[in-house]
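>>> I would like the atomic coordinates for the input below:
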Amino acid sequence: MTIRPASDRSLLVTFGAGISLESHHRVFHLTRSIMSNPEGVRGILNLHPAYASVLIEFDPRLVESAAIEALVRQKMATEVEPGTAETPRTVEIPVRYGGEFGPDLDDVARHTGLSPERVVELHSSADYLVYFLGFAPGFAYLGGLPPELATPRISAPRKHVPAGSVAIGGNQTGVYPIVSPGGWRLIGRTSVKLFDPAAAEPVLLRMGDRLRFIAGSAGGLAAGVLPIAENPA
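Next up is the predicted model:
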């Protein structure tokens, strides 16, 4: 673990240089342990977890960086072992692949040398881990894309990507939670809302969740009635 200033009001805590389950476990533990104890973190404004780091923003009028560093070291000194944390949720996301819902599915197939059906089979049979959320409200950065499906982003990003679009960008996959620009390859779409500001819990996915994509039907998607299941892992 390394801790260094990122500005006069933020610290960057880093757990190695690569993406790994070990780094994720430490990011998860630090983030959750700070968020679960608000009385002990006066002056902290925000936490920004990533694949192998956590950026901690604080108000220097209320707390010094040395106090934040001491808090981090205290939290990590009591780190739990992998497998002893709370049981993660498993969330299933029904997806309609290809056609108008996934206009880039054939491009992914051509790039990978696979049939569109095989691309769908591999994508929907993998188990994904939510490493963290960012980019847009409810957008989950997922680990677990089969390496055979890695495909470069499109050369010119689209100005309008529909909400619920399931996409591949490089060696990552994800779901666009809101209408936004985007450069990932669109292979399908879901009617499940990953971000709903009117809901009691606006963001569907959480860091540490397990996720599976389920191949659905076009009729269910158009009607907006595709089910979502949430089960303990």
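>>> CA only for contacts and neighbour counts going forward, please
OK.
>>> what's the top strand by length along the chain packed up against?
In the chain, assigned by DSSP state E, the strand with the most residues is strand 89-97. Packed against strand 89-97, as judged by 3 or more Cα pairs under 8 Å, 6 or more residues apart in numbering; DSSP states H and E, are the following elements: strand 185-189, strand 210-215, helix 218-223, strand 230-232.
>>> ok, now with 10 Å
With contacts taken as 3 or more Cα pairs under 10 Å, 6 or more residues apart in numbering; DSSP states H and E, strand 89-97 sits against helix 116-125, strand 128-133, strand 165-169, strand 185-189, strand 210-215, helix 218-223, strand 230-232.
>>> Out of the ones you listed, flag the one nearest Ala70.
Among the helices and strands packed on strand 89-97, the nearest to Ala70 by Cα to Cα is strand 128-133 (24.0 Å).
>>> Just give me how far the helix or strand just after the longest strand of the chain sits from the chain centre.
Next in sequence after strand 89-97, counting helices and strands by DSSP states H and E, comes helix 105-112. Here helix 105-112 is found 24 Å from its chain centre; the criterion is Cα atoms, centre = their mean, to the nearest Å.
>>> buried residues in helix 105-112?
By neighbour count on 16 or more other Cα atoms under 10 Å, the buried set for helix 105-112 is 105-109, 112.
>>> Now the longest strand of the chain: buried residues?
So strand 89-97, judged by 16+ other Cα under 10 Å, has buried residues 89-97.
>>> What of stretch 123-131?
123-124, 127-131.
>>> And the helix ranked longest in the chain, what's buried?
The longest helix of the chain (DSSP state H) is helix 21-35. Within helix 21-35, the residues that count as buried by 16+ other Cα under 10 Å are 23-31, 33-34.
>>> Poorly predicted segments of this structure, please.
Low-confidence regions of the chain, defined by pLDDT under 70, span residues 38-40, 79-86, 217-233.
>>> Quick check: closest non-adjacent residue to the residue located most distally from the centre of the chain.
In terms of distance from the mean C-alpha position of the chain, Arg61 ranks first, at 32.4 Å (Cα atoms, centre = their mean). Excluding the flanking residues, the one nearest Arg61 by Cα to Cα, 6 or more residues apart in numbering is Gly43, at 7.9 Å.
>>> Tell me, how many residues neighbour the closest residue in space to Phe132 that isn't next to it in sequence?
Take Phe132 and drop its neighbours on the chain: the residue closest to it by Cα to Cα, 6+ apart is Met207, 4.9 Å away. Residues lying near Met207 (other Cα atoms under 10 Å) number 22.
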